[in-house]
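S.K.: Below: sequence and its predicted model.
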Amino acid sequence: MARAATTSDAFNAVAEPRRRDILNYLALEERAVGDIVATLRMEQSSVSKHLGVLRRVGLVRVRRHGRHMFYRTNAEAIRPLHEWTKTFERLWQHQLLRVKERAEAKQKSSETL
């Protein structure tokens, strides 16, 4: 089965690790392209390409100020990603709880011996 284009939806777009790095960097505040390039140590052309993909799927928004472009995350577009990953968070919490319960039961049984 052929993989969908990275610009088809948010899930395909974030499959690329560098795009996730960019989203993480933009998570707390709006940033200029130059800041992204410098901080993440990526080529400007690569950052622009990745930002273009993220913008097309709606994960980031752009604002122009003079010659500078400022990007920020679009929380509403990221929500489906977050909700999907919460399913797995619940799974891991359940698994960790089971491990904790087993460890406590083992410790309790060794204390009674």
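M.R.: In hand now; what should we look at? In this text, all values refer to a predicted model and were calculated from it rather than measured experimentally. Numbers count the residues shown, from 1 in each chain.
S.K.: where along this structure do the helices fall?
M.R.: Secondary structure of the chain (DSSP state H): helices at 10-13, 17-26, 33-40, 44-56, 75-111.
S.K.: most neighbours per residue, which of those helices?
M.R.: helix 10-13 (a mean of 18; mean count of other CB atoms under 10 Å). The way it works is simple: take the backbone N, C-alpha and C, and place the C-beta from them, glycine included.
S.K.: give the contact list for the residue positioned nearest the centre of the chain.
M.R.: Nearest to the geometric centre of the chain sits Arg20, at 4.7 Å (CA atoms, centre = their mean). Arg20 sits next to Val14 when contact means CB atoms under 8 Å, 6 or more residues apart in numbering.
S.K.: Which pLDDT value does the model give it?
M.R.: Looking at Arg20, its pLDDT is 95.
S.K.: could you dump the helices of the chain to TSV with distance to Arg64?
M.R.: Listed next are the helices of the chain as TSV, based on distance: least, CB to CB, whole Å:
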stretch	distance to Arg64
helix 10-13	22
helix 17-26	16
helix 33-40	11
helix 44-56	12
helix 75-111	20
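S.K.: what's the closest of the ones you listed to Met69?
M.R.: helix 33-40 (5.3 Å; CB to CB).
S.K.: Which residues does that closest one contact?
M.R.: Residues outside helix 33-40 that contact it (CB under 8 Å, 6+ apart) are 18, 21-22, 25-26, 42-44, 47-48, 51, 68-69, 71.
S.K.: mean pLDDT for the helices of the chain: which is lowest?
M.R.: Across the helices of the chain, helix 75-111 gives the lowest mean pLDDT, at a mean of 84.
S.K.: Contacts only, for Val60.
M.R.: 22-23, 26, 51, 54, 71-74.
S.K.: is it in a bridge, and if so with what?
M.R.: Beta bridges link Val60 to Thr73, judged by DSSP bridges.
S.K.: measure it to Ala75 for me?
M.R.: Val60 sits 11 Å away from Ala75, going by CB to CB, to the nearest Å.
S.K.: One more: Gly52?
M.R.: 20 Å.
S.K.: now His94
M.R.: His94 is 27 Å from Ala75, by CB to CB.
S.K.: How about Arg18?
M.R.: Distance from Arg18 to Ala75, by CB to CB: 21 Å.
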